[in-house]
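[1] show me how the following folds:
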Amino acid sequence: MSGGTIERRSLIAGGGLVLASPGMAFAAAKPRVAIKTARGTIVVELEDKKAPLTTANFLRYVDAKAFDDGIFFRAARTPGVEKDGTIVGSPHAKIRPFPPIRHESTTKTGLKHLNGTISLGRFAPGTATNNFFICIGDQPYLDAHPGEPGDNLGYAAFGRVVSGMSVAERILRLPTNGETKFKDQRGQWLKPPVPIVTMRRAT
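    Okay, the predicted model is just below:
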């Protein structure tokens with residue numbers, strides 16, 4: 001799912017301080033990012049300890065304001081389950097990506113592609129840059145499955161939606177008759193795409 005590819009099994013510090021409890025040391029809060037779209041705002045909380053490389057990469061784009069004027073361009077609904085699937089976002093086409101990062105497999109992070117998970121798109125492992133997707137409903141096929149043939153490393157989950165899940169659900173239900181050069185994604189590209197107004201760290 002990079003450059004717009006989620007392929008079903010064909011593969012594909014901010015924050016403040018929070019007091020845990022009286023008498024305990026302060027612990028750093030997980031960073032949060034507010035994704036402001038034309039359809040509403042989605043807030044995601046990132047697992048910077050469990051998926052440090054992927055989180056740092058995402059925040060690098062956020063801090064550079066690279067996602068401003070970006071889009072959610074794809075809504076891949078699970079066949080037969082219209083309320084279930086993924087929505088895919090990216091920066092504006094004019095944004096030049098930073099170098100790709102090393103893949104953080106779900107077997108290493110312990111994170112799963114559950115309802116509300118945010119994850120990084122990719123082609124081959126080690127090619128991920130700035131495309132991301134949000135799961136609506138559990139999507140276990142996107143996790144790593146060692147022992148299966150071919151590319152079985154899954155995608156790099158790195159956080160979850162903590163506010164605005166209804167916005168993601170609405171985007172998933174929008175018309176998907178947009179044109180795409182990817183044959184396996186026909187009927188999944190939003191028309192029109194949903195503008196990403198801004199993406200900023202949130203408290």
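
[2] can we go C-alpha only for contacts and neighbour counts from here?
    OK.

[3] local confidence estimate at G187?
    pLDDT for G187: 79.

[4] how near is it to T107?
    Using CA to CA, to the nearest Å, G187 is found at 31 Å from T107.

[5] got it, and V81?
    Distance, V81 to T107, using CA to CA: 27 Å.

[6] more crowded one of the two?
    Per other CA atoms under 10 Å, whichever of V81 and T107 has more neighbours is T107, with 15 against 9.

[7] just give the closest residue to that one, not the sequence neighbours.
    Nearest residue to T107, sequence neighbours excluded (CA to CA, 6 or more residues apart in numbering): A144, at 6.3 Å.

[8] that neighbour and G154 touch, don't they?
    Yes - assessed by CA atoms under 8 Å, A144 is found in contact with G154 at 4.0 Å.

[9] flag every buried residue along whichever strand or helix holds V162.
    Following DSSP states H and E, one finds V162 within strand 156-163. By 16 or more other CA atoms under 10 Å, the buried positions in strand 156-163 come out as 156-162.

[10] redo the residues you listed as CSV? Include distance to D69 and pLDDT.
    As requested, the buried residues of strand 156-163 are exported to CSV (distance: CA to CA, whole Å; pLDDT from 0 to 100):
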residue, distance to D69, pLDDT
A156, 24, 98
A157, 24, 98
F158, 23, 98
G159, 22, 98
R160, 22, 98
V161, 21, 98
V162, 23, 98
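
[11] nearest to I42, out of those residues: which one, please.
    Using CA to CA, V161 comes nearest to I42 of the buried residues of strand 156-163, at 6.9 Å.

[12] OK, contacts around the closest one?
    Contacts for V161 were tallied using CA atoms under 8 Å, 6 or more residues apart in numbering; they are 42-45, 116-118.

[13] in helices, which of those residues appear?
    Applying DSSP state H to the contacts of V161, no entry is found in helices.

[14] what is the nearest of the residues you listed to D69?
    The closest of these to D69 turns out to be I42 (CA to CA; 15.4 Å).

[15] G116 contacts R160, correct?
    Yes - applying CA under 8 Å as the test, G116 and R160 come out as touching, 5.2 Å apart.
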